[in-house]
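Undergrad: I need the structure of the sequence given here:
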Amino acid sequence: MTEATVLITTGVGGDTQLGKGNPTYNYGARVNIGANISVNKIVSLLRFDLSSIPAGSTCTSAKMVLRHTTDLANEITFSLYKVTDANGDWVEGVSLGLAKAGEPCWNAKAADGSGGVTTA
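TA: Got it, this is the predicted structure:
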């Protein structure tokens, strides 16, 4: 068996931020991502392009590095969840405000571009 290291970076697959405080907004254009900040409950969606991993490979370990950029606390706990396959085709979005048609927001997998929902 041959071992190999594969480096996968965000941005390759996509990332966006959604917030309960602005449930019709998408923040796909943001450079940074957030997590569970104050009342707004921020969540970030990260997609990783795993196509560089050869078919039939077995992953024996993974490491994710996040950089904390505020002084709110010395320790931060993150919870990671897999987005179900049925919702896995979300798009990153290019907004920095009201979600455009097809972009995800807190209220929807795909918004209609005017604050409503196309796909719940």
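
Undergrad: contact partners for the residue nearest to the spatial centre of the chain?
TA: When Cα atoms, centre = their mean is applied to the chain, the residue found nearest the centroid is L45 (1.3 Å). By Cβ atoms under 8 Å, 6 or more residues apart in numbering, the contact set of L45 is 14-18, 83, 90, 104. Bear in mind the C-beta positions are built from the backbone N, C-alpha and C, glycine included.

Undergrad: just L46 next, same as before
TA: 10, 13-15, 33.

Undergrad: show the buried residues in these.
TA: Burial of these was assessed by neighbour count (16 or more other Cβ atoms under 10 Å); the buried members are 14-15, 33.

Undergrad: measure A62 to G14 for me?
TA: 18 Å (Cβ to Cβ, to the nearest Å).

Undergrad: which residue ranges form the strands in this structure?
TA: Remark: strands assigned in the chain by DSSP state E are 14-19, 25-26, 42-47, 97-98, 110-111, 117-119.

Undergrad: reformat those as CSV; add distance to S79 and mean pLDDT.
TA: Listed next are these as CSV, based on distance: least, Cβ to Cβ, whole Å; pLDDT from 0 to 100:
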stretch, distance to S79, mean pLDDT
strand 14-19, 15, 83
strand 25-26, 21, 90
strand 42-47, 10, 82
strand 97-98, 26, 92
strand 110-111, 24, 91
strand 117-119, 25, 87
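
Undergrad: tell me the one of the contacts of L45 nearest L66?
TA: D15 (11.8 Å; Cβ to Cβ).
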